[in-house]
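Chemist: pasting the sequence and the predicted coordinates here, then a few questions.
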Amino acid sequence: MTMNNDILLEVKDLHAGIDGKEILRGINLTIRPGEIHAIMGPNGSGKSTLSGVLAGNPRYTVTGGSATFHGLDLLALQPENRSHEGLFLSFQYPVEIPGVSMVNFMRAALNAKRKYFNEQPLSAGDFLKLMRQKRAVVELDNKLASRSVNEGFSGGEKKRNEIFQMAMLEPRLSILDETDSGLDIDALRIVASGVNKLKTADNAIMVITHYQRLLDYIRPDFVHILYKGRIVHTGGPELALELEEKGYDWIKEQVDNQ
Amino acid sequence: MSSLNQYLQFFEANRAAIDSHAPEAMNCRRDAALATLRRLARFPDRGDEGFEVVSLEDMYAPDYGINIARVPFGEGGKSGVHGCDIPNVGTISASVVNDSFVNDYQRALPEGVELMSLARAAELYPDCLSLSVAPADNAVVALNDLLLQDGVYIRVHRGVSLPKPIQILSLFNASMPLMAVRRIVVDVEDNASAIVIACDHPRTTEVDYLACRVVDIRLGRGASLDFNDLEEATARCSRSSVITAVQGADSDLHISSITLDGGVTRNEYYVSHLGDGCHTSVNGIVVAGGTQVVDNASYVVHDHEHCTSDQLFKYALFDSAQGGFEGLVNVRHGARFTDAAQSNRNLLVSPQARMHAMPQLVIDCDDVKASHGSATGQLNADALFYMQSRGIPADEARMILINAFMAEGMEKIKHEPLRSTLLMLLDRRLRGCSDSCAACHGHH
């Protein structure tokens, strides 16, 4: 099949930083449709920077390298256009936006995407129907959908809300940035099951996590270890188990002694 | 030399002409006003207490024409109402074109409601001009007294509840720079209730205008008034406005002031209570762009028991707009069980915008609840990125955030059709501001 030989995301020698401090020092990563990649690594290794840079967070400055997203120069796109083109970031800390209802927020998002592809806005009826369908994916309460974006949501509700938005936007590549942080086991199961329901042969997922736990539910094809701004080791799912058992020290030693 | 002098000289040279076109009840107030202004010797200037961003000296300095001979000019009438952006809220309406009352409401007024020229009302009810509770040394009120010839009189008789809003449209329409001296008197008698919408617009925008406007409100016992004040003018319009209100026991006053566009605006509010159980709310909504300056000064005095008040002023400032807010809650001795809140929150959309805020509480009584606060900030960058990451373009995301910020103030506008219309005007104004200053805060 040619499909799976297509490259969805190709990151080459990516360098980026914040406030003049370099954090990513040459990331290389290739993701194809249908794949699940886990990015693991100790604190401060650059995991969240990588997700922020790919999503276009203006806090970060790209200082070198490239990222090609199904043929497009990803780094040249505004964050909103990255979203339209199928990139989705599930935030580690979803932002509360008082006064903006989830309904209006999602409607603005969806209609902006339709406009980008020269499509008519969804009718109110169709939109609400879609909301209802996608809410079910993560068992998100109807009441939350009518509240302000993330305002007063519990940690678990916020993460479920992220996956709900992912369901609404149907991205080609989803980056889940520590989606497991702050979740109890039940919420983790719901979120992971939501992600699995949304998984198809045509889309891909990048899971950023500290722990093996999430990977019991979202099974990765590849596990990458990020350390000091580089991917220093890549393996299969067994690598995550090894990390869980041995910690990061052996990796650090290997890299630091090189 | 103070810019006040030109008005004093003008008055002295033209007093006979002014008097001849005004009722005695207005003319008899001019000597006291003249004495006050002579004593003041000048208008308040920037740096005077309570005048951080606006100088009335500067505002009144240009050589505006004043139409004391009441030469009719400028169209108004029905076409005037249609020129307003608040159509079809089912109103009873009247217009003030420049400084003249125009009775363009063709239908019969509801029972128990009077709406007429203030010049005529001053002949029928000479006392109607003595409602003002502004401080005796207020220069704007004194100047208004000195030169006043007409305005609007609204009276809602005892026990009458008026579900339809009364809309007062004040228009400028002249071919030369013009100052209009306007006064609106609203007398809502015991247990009566009314909704008033006052709109300020220019019909023509080629010349400079200045409004010297005083609104005097009196609420009887158990009365209720919802007074909505909209200014949607242009950079060539300046306005100094003083709204005074005196409330009878158990009365309910809601003032909402919406400043969407203008040049330099100074709004003052003075509210006092005559009995227990009053509620006062003063709500200010400001969207300013360009070099617009908007200054609100709100003074609420509590000197009776079981009264409540809340003041909320919210500003969204674009470009190099400047905002000012000075609020005072004065809880006097004996005003037990007062519950007073005052809040001012501002959004500086552009790095050049400036806000000066001075919230104040003066409490001379125990057993009261009072709060005040002010916060000024910028749009939340994290929220902006979050919205963009979901596909909402930056400009749209900014609009949504600013609208959300202003929503708290808009929710206080109680009359639903008016609120919907104002929300639409607010959104249009925000988009206009955003377009005009896109270069300085967006697209990077």
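Modeler: Good, I have the coordinates.

Chemist: what residues does the stretch 51-200 of chain A put near chain B?
Modeler: Residues of the stretch 51-200 of chain A that fall close to chain B, judged by C-beta under 8 Å from any C-beta of the partner chain: A:55-59, A:78-80, A:82-84, A:88-89, A:91, A:94-100, A:104-106, A:108-110, A:112-113, A:116, A:149, A:165, A:169. Yep, even glycine has a C-beta here, placed from its N, CA and C like the rest.

Chemist: which ones among those lie within helices?
Modeler: A:55, A:79-80, A:82-84, A:104-106, A:108-110, A:112-113, A:116, A:165, A:169 (DSSP state H).

Chemist: quick check on these: which are buried?
Modeler: A:55, A:79-80, A:82-84, A:105-106, A:108-110, A:112-113, A:165, A:169 (16 or more other C-beta atoms under 10 Å in any protein chain shown).

Chemist: ignoring the adjacent residues along the chain, who's closest to the residue of chain A found nearest chain B?
Modeler: Going by C-beta to the nearest C-beta, chain B is nearest to A:Gly99 of chain A, at 3.0 Å. Nearest in space to A:Gly99, with sequence neighbours left out and distances taken as C-beta to C-beta, 6 or more residues apart in numbering or on different chains, is B:Ala404 at 3.0 Å.

Chemist: equivalent analysis for A:Lys115, please.
Modeler: A:Pro121 (7.4 Å).

Chemist: swap in B:Asp150?
Modeler: B:Ala119 (4.7 Å).

Chemist: the one you found and B:Phe101 touch, don't they?
Modeler: Yes. In this structure, B:Ala119 is within contact of B:Phe101 by C-beta atoms under 8 Å, at 7.2 Å.

Chemist: the more surrounded of these two?
Modeler: B:Phe101 (24 against 20; other C-beta atoms under 10 Å in any protein chain shown).

Chemist: counting by contacts, list what the helix or strand hosting that one packs against.
Modeler: Secondary structure from DSSP states H and E places B:Phe101 in strand B:100-102. Other elements packing on strand B:100-102 under the criterion 3 or more C-beta pairs under 8 Å, 6 or more residues apart in numbering or on different chains; DSSP states H and E are strand B:92-97.

Chemist: now do the strand it packs on: everything it contacts.
Modeler: The contact list for strand B:92-97, computed with C-beta atoms under 8 Å, 6 or more residues apart in numbering or on different chains, reads B:74-77, B:80-81, B:101-105, B:107, B:109-110, B:113, B:115, B:150-152, B:162, B:164-171, B:173, B:180, B:182.

Chemist: which of those residues count as buried?
Modeler: Here, 16+ other C-beta under 10 Å leaves B:74, B:76, B:80-81, B:101-102, B:104-105, B:113, B:115, B:150-152, B:162, B:165-171, B:173, B:180, B:182 buried among the contacts of strand B:92-97.

Chemist: list the buried residues of stretch B:224-235.
Modeler: Neighbour-count burial for stretch B:224-235 [16+ other C-beta under 10 Å]: B:224-234.

Chemist: list phi and psi for the residue in chain B that chain A sits nearest to.
Modeler: Of all residues in chain B, B:Ala404 sits closest to chain A, at 3.0 Å by C-beta to the nearest C-beta. The phi/psi pair for B:Ala404 (degrees, to the nearest 10) reads phi -70, psi -40.

Chemist: A:Ile97 is in contact with that one, correct?
Modeler: Yes. Between B:Ala404 and A:Ile97 there is a contact under C-beta under 8 Å: 7.0 Å.

Chemist: which of the two has more residues huddled nearby?
Modeler: Taking neighbours as other C-beta under 10 Å, B:Ala404 and A:Ile97 compare with A:Ile97 leading, 23 against 19.

Chemist: which sections of the stretch 51-200 of chain A are below the confidence cut-off?
Modeler: Judged against pLDDT under 70, the stretch 51-200 of chain A has no low-scoring part.

Chemist: and the helices in the stretch 101-250 of chain A?
Modeler: Ranges of helices in the stretch 101-250 of chain A, per DSSP state H, counting those that start in this stretch, are A:102-116, A:124-137, A:142-146, A:155-169, A:185-198, A:213-217, A:237-246, A:249-256.

Chemist: what sits up against the first one?
Modeler: The reference is to helix A:102-116. By C-beta under 8 Å, 6+ apart, helix A:102-116 touches A:80-81, A:83-84, A:97, A:120-122, A:127-128, A:130-131, A:144-149, A:161, A:165, A:168-169, B:387, B:390-393, B:396, B:400.

Chemist: and the most centrally placed residue in chain A, what does it touch?
Modeler: Nearest residue to the geometric centre of chain A (C-alpha atoms, centre = their mean): A:Ile175, 1.4 Å. Residues counted as contacts of A:Ile175 (C-beta under 8 Å, 6+ apart) are A:51, A:54-55, A:87-90, A:205-206, A:208.

Chemist: so A:Leu173 sits against A:Glu85, correct?
Modeler: No. Taking C-beta under 8 Å as the definition, A:Leu173 is not a contact partner of A:Glu85, at 9.4 Å.

Chemist: report the longest helix in chain B, please.
Modeler: Across chain B, the longest stretch assigned as helix under DSSP H is helix B:416-436.

Chemist: next, the buried residues of it.
Modeler: Judged by neighbour count using 16+ other C-beta under 10 Å, the buried positions of helix B:416-436 are B:418-419, B:421-423, B:425-426, B:429-430, B:433-434.

Chemist: with that, I have no additional questions.
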